[in-house]
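>>> Here's my sequence, what's the structure:
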Amino acid sequence: MTTTRKQYSPQFKARVAMEAIRGEKTLSQLGSQFKVHPMQIAKWRKAAIDQLPELFVDGRTRKASSDEADTDALYQEIGRLKVELDWLKKKVGMLD
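Next up is the predicted model:
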């Protein structure tokens, strides 16, 4: 007898988490209402609260950090290609 785990949509999780954050009902009441275990609701609420500050991060600073990562990756690629080019020049020089 295998049972499949119930999967909830992100919209459903967000709705339940918002109800839990509002605090108008207890976790047990919300669990009965949405047919979800109260501990699961508590986890969703904690995840929502932890991720809220990331929503309000200034887009300019977020882009700058990703640009630095792109720049680092490009410098690594340039270094690798330079080593390969030097090696190939050495090999071609040996064939002459």
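>>> For Ser9, what are phi and psi?
Main-chain torsions, Ser9, degrees, to the nearest 10: phi -70, psi 160.
>>> May I see the buried residues of the worst-scoring helix or strand of the chain on mean pLDDT?
Least confident helix or strand, the chain: helix 59-95 with a mean of 83, by mean pLDDT, DSSP states H and E. Residues of helix 59-95 classed as buried: none (neighbour count, 16 or more other CB atoms under 10 Å). All C-beta spots, glycine's among them, are computed from the backbone N, C-alpha and C.
>>> Just give me how far that helix sits from the chain centre.
Relative to the centre of its chain, helix 59-95 is centred 27 Å away, using CA atoms, centre = their mean, to the nearest Å.
>>> Same check on stretch 42-49?
With CA atoms, centre = their mean, you get 15 Å for stretch 42-49.
>>> change the start of the numbering to 20 and stick with it
Sure, I'll start numbering at 20, so the last one becomes stretch 61-68.
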